[in-house]
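Visitor: sequence first, then the predicted structure, then my questions.
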Number of protein chains: 2
Amino acid sequence: MKVSVVKIGGNLIEDEACLEKALDNFAQLKGLKILVHGGGKLATQLAQKLDIKTKMIQGRRVTDAETLEIITMVYGGLVGKTIVSKLQAKECNAISLSGADLNSIQSVKRLVKEHDFGFVGDISKVNTQSFITLLKAQITPVCCAITHDGKGQLLNTNADTIASEIAIALSDEYEVSLYYCFEKKGVLRSVSDENSVIRDIDRSSYNNLIAQGIIADGMLPKLHNCFHALENKVHHVYVGSIDMLANPTEVKTTLHLNELN
Amino acid sequence: MKVSVVKIGGNLIEDEACLEKALDNFAQLKGLKILVHGGGKLATQLAQKLDIKTKMIQGRRVTDAETLEIITMVYGGLVGKTIVSKLQAKECNAISLSGADLNSIQSVKRLVKEHDFGFVGDISKVNTQSFITLLKAQITPVCCAITHDGKGQLLNTNADTIASEIAIALSDEYEVSLYYCFEKKGVLRSVSDENSVIRDIDRSSYNNLIAQGIIADGMLPKLHNCFHALENKVHHVYVGSIDMLANPTEVKTTLHLNELN
């Protein structure tokens, strides 16, 4: 049995027309599926309105108590519930989850070493059975970037990582495809050229692309998640636009565990 | 089989110690159970911080687009996810739901007659099967005061009404007890006297209490929901403090469908 795990990035969520299109594509995807969403830019906007400063260290949001409240409101409430109501209208029986719901994803608050990231959680356990129960009932989980520590504390967790950890957890039971959807058509050789999509990346070209500085910044952790998934039995991993869900021939980046010739 | 449907009011949610105690009581309640929560005062506070005016007509919140966003963030996100993470720590396997999740509660946007209440929904259908599926899997639904119209629109719906409609919907399958928990020990004969709890109210004493002005304001719709539930096969309906969940002898108001002598 096949399962698709689809992560949609912040830029697809912010704009209403983009979100509608993304959810149309997702709803049409056949078979069992899970959606994972971020919502970072909307959280930043709300923080600005409330005059709460957004602190970033190494591209990661520092999550103090106020920021955690904002994230819980935006990811868990506004974005999650909006997506679910739209999916229901498209006849996709969805349910929005944080990691606390059904104890679906537990994490451990990150230890303070060089930096204090605040209420940020590193995933310790995906409750595979919760997801299987929902999938078997033909229910589509919609997961936001929030986990919990099992002791009553919600924690902020990177959505890309959540997607790869769910994909890995389900790979014992299912053949899993993991799709990272964002505003580009794939990993670009040149950031300024939308048509410079690198169609295939294997482990050695990955290392070369890092060495050349072509894979950098935000793409580094994303591709790290991709290879981590492939190394842990996830069947297929793709990076590209939302169009790749509806159209298998759409230009995209396919990640490969084994060396390509 | 028995099911308890427990509504907790806004004042129990706002204060962290009160919420912790309420959830302790709820978690200890034996058997299948559903929690329904509001969160109106927290929504009002966020609206104030964002400089959005809260409009009330006849004690009901007018829900414009901005207010609906606030409600979705506060009820669906902050309150729902906080409650679920705390319940998980108390070994209660909870999941937070809006009416859009699992298509659990559909509603119809209220028509504009004398007043325009905005994005307010009157319940048209409780998806009983969704609740039964969760209950049978030993999962505790935590429902917020948000429904949807099935066409992609979230709608604000009174939490007391949600509790009674869920209780009614489940009464074909289960013996349902409905608990309205708030900051008082029951319906008071004198608002200023906490010890003036009216222990039992039947239909004729209800009418008398309304005629005397003892049941008034916010208690009117609450008690209307109570009798509506009793008239539609809900077995037991109680109004009182959260202590009544843990202690059956706790002072409370019991509602009766049949006349007491």
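Guide: On my side now, so go ahead. Numbers count the residues shown, from 1 in each chain, chains lettered A, B, ... in the order given.
Visitor: neighbours of the residue nearest to A:Ile215 when sequence neighbours are not counted, how many?
Guide: Nearest non-adjacent residue to A:Ile215, counting by CB to CB, 6 or more residues apart in numbering or on different chains: A:Leu209, 4.4 Å away. For the C-beta atoms, the positions are set from N, CA and C on the backbone; glycine is no exception. Close neighbours of A:Leu209, defined as other CB atoms under 10 Å in any protein chain shown, add up to 18.
Visitor: so how far is A:Thr161 from A:Ser130?
Guide: 18 Å (CB to CB, to the nearest Å).
Visitor: what's the answer for A:Ala17, then?
Guide: With CB to CB as the criterion, A:Ala17 and A:Thr161 are 28 Å apart.
Visitor: tell me which of the two has more neighbours.
Guide: Taking other CB under 10 Å, A:Ala17 and A:Thr161 do not tie; A:Thr161 has more neighbours (22 against 7).
Visitor: so which strand or helix has the more buried one?
Guide: Here A:Thr161 sits within helix A:159-170, counting by DSSP states H and E.
Visitor: could you give the average pLDDT over that helix?
Guide: Helix A:159-170 shows a mean pLDDT of 98.
Visitor: other SSEs contacting it?
Guide: strand A:2-8, strand A:32-37, strand A:105-109, strand A:121-126, helix A:128-136, strand A:140-143, strand A:175-181, helix A:219-231 (3 or more CB pairs under 8 Å, 6 or more residues apart in numbering or on different chains; DSSP states H and E).
Visitor: what parts of chain A come near chain B?
Guide: Those residues of chain A that sit near chain B, judged by CB under 8 Å from any CB of the partner chain, are A:46, A:49-50, A:69, A:72-78, A:80-82, A:84-86, A:88-89, A:93-98, A:100-103, A:133, A:137, A:139, A:146, A:148, A:150-154.
Visitor: and the end-to-end length of stretch A:30-47?
Guide: Stretch A:30-47 has its terminal residues 37 Å apart, counting by CA to CA, to the nearest Å.
Visitor: for it, what does the pLDDT average out to?
Guide: 92.
Visitor: tell me how many other residues crowd the residue nearest to A:Ser190 when sequence neighbours are not counted.
Guide: Nearest residue to A:Ser190, sequence neighbours excluded (CB to CB, 6+ apart): A:Ser196, at 4.5 Å. Burial measure for A:Ser196: 15 neighbouring residues, criterion other CB under 10 Å.
Visitor: which residue is the nearest non-sequential neighbour of the residue in chain A positioned nearest to chain B?
Guide: Residue nearest to chain B within chain A: A:Gly77 (2.2 Å; CB to the nearest CB). Leaving aside its sequence neighbours, A:Gly77 sits nearest to B:Gly77 (CB to CB, 6+ apart; 2.2 Å).
Visitor: B:Lys7 versus the one you found, what's the distance?
Guide: Relative to B:Lys7, and taking CB to CB, B:Gly77 is found at 19 Å.
Visitor: now A:Leu50
Guide: For A:Leu50, the distance to B:Lys7 - CB to CB - is 29 Å.
Visitor: one more: A:Leu97?
Guide: Distance from A:Leu97 to B:Lys7, by CB to CB: 23 Å.
Visitor: quick one: least confident helix or strand in chain A?
Guide: When each helix and strand of chain A is scored by mean pLDDT, DSSP states H and E, strand A:60-61 comes last, with a mean of 73.
Visitor: mind listing what that one pairs with, with the direction of each?
Guide: The sheet places strand A:60-61 alongside strand A:56-57 (antiparallel), with pairing taken from DSSP bridges.
Visitor: which residues are in contact with the strand it pairs with?
Guide: Taking contacts as CB atoms under 8 Å, 6 or more residues apart in numbering or on different chains, the residues outside strand A:56-57 that touch it are A:62, A:115, A:117.
Visitor: most surrounded residue in those residues?
Guide: Of these, with other CB under 10 Å as the count, A:Phe117 tops at 22 neighbours.
Visitor: and the pLDDT for that residue?
Guide: So A:Phe117 comes in at 92 (pLDDT).
Visitor: can you verify my assumption that it contacts A:Leu68?
Guide: No: at 11.3 Å, A:Phe117 does not count as touching A:Leu68 under the criterion of CB atoms under 8 Å.
Visitor: wait, what's in contact with A:Gln153?
Guide: Here A:Gln153 is in contact with A:109, A:119, B:85 (CB under 8 Å, 6+ apart).
Visitor: what about 10 Å?
Guide: By CB atoms under 10 Å, 6 or more residues apart in numbering or on different chains, the contact set of A:Gln153 is A:68, A:100, A:107, A:109, A:119, A:121, A:147, B:82, B:85-86, B:89.
Visitor: likewise for A:Gln212?
Guide: Here A:Gln212 is in contact with A:Arg189 (criterion: CB under 10 Å, 6+ apart).
Visitor: and B:Gly77 and B:Lys7? which has more neighbours close in?
Guide: Per other CB under 10 Å, whichever of B:Gly77 and B:Lys7 has more neighbours is B:Gly77, with 32 against 28.
Visitor: distance check, the more buried one against B:Val251.
Guide: 35 Å.
Visitor: now A:Gln106
Guide: For A:Gln106, the distance to B:Val251 (CB to CB) stands at 40 Å.
Visitor: these two: who's more crowded?
Guide: Higher neighbour count among A:Gln106 and B:Val251: A:Gln106, with 20 against 14, using other CB under 10 Å.
Visitor: which residues sit in contact with that one?
Guide: A:99-100, A:121, A:123-127, A:147-151, A:155, B:88.
Visitor: try it again with 7 Å
Guide: With contact taken as CB atoms under 7 Å, 6 or more residues apart in numbering or on different chains, A:Gln106 is in contact with A:99, A:124-125, A:147-150.
Visitor: now A:Asn11, nearest residue through space, not along the chain?
Guide: The nearest residue in space to A:Asn11 (CB to CB, 6+ apart) is A:Glu183, at 4.4 Å.
Visitor: can you get me a residue count around the one you found?
Guide: A:Glu183: 13 neighbours (other CB under 10 Å).
Visitor: what helix or strand is it located in?
Guide: Judged by DSSP H and E, A:Glu183 forms part of no helix or strand.
Visitor: now it: how far from B:Thr44?
Guide: 37 Å.
Visitor: mind telling me what element A:Glu69 is part of?
Guide: helix A:65-71.
Visitor: by contact count, what packs against the helix or strand following that helix?
Guide: Proceeding N to C from helix A:65-71, the next assigned helix or strand is helix A:80-89, under DSSP H and E. Helices and strands touching helix A:80-89, as assessed by 3 or more CB pairs under 7 Å, 6 or more residues apart in numbering or on different chains; DSSP states H and E, comprise helix A:16-28, strand A:94-97, strand A:140-143, strand B:146-148.
Visitor: need the ones you listed in CSV with distance to A:Ile57, can you?
Guide: What follows is the helices and strands packed on helix A:80-89, written out as CSV (distance: least, CB to CB, whole Å):
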stretch, distance to A:Ile57
helix A:16-28, 29
strand A:94-97, 28
strand A:140-143, 25
strand B:146-148, 35
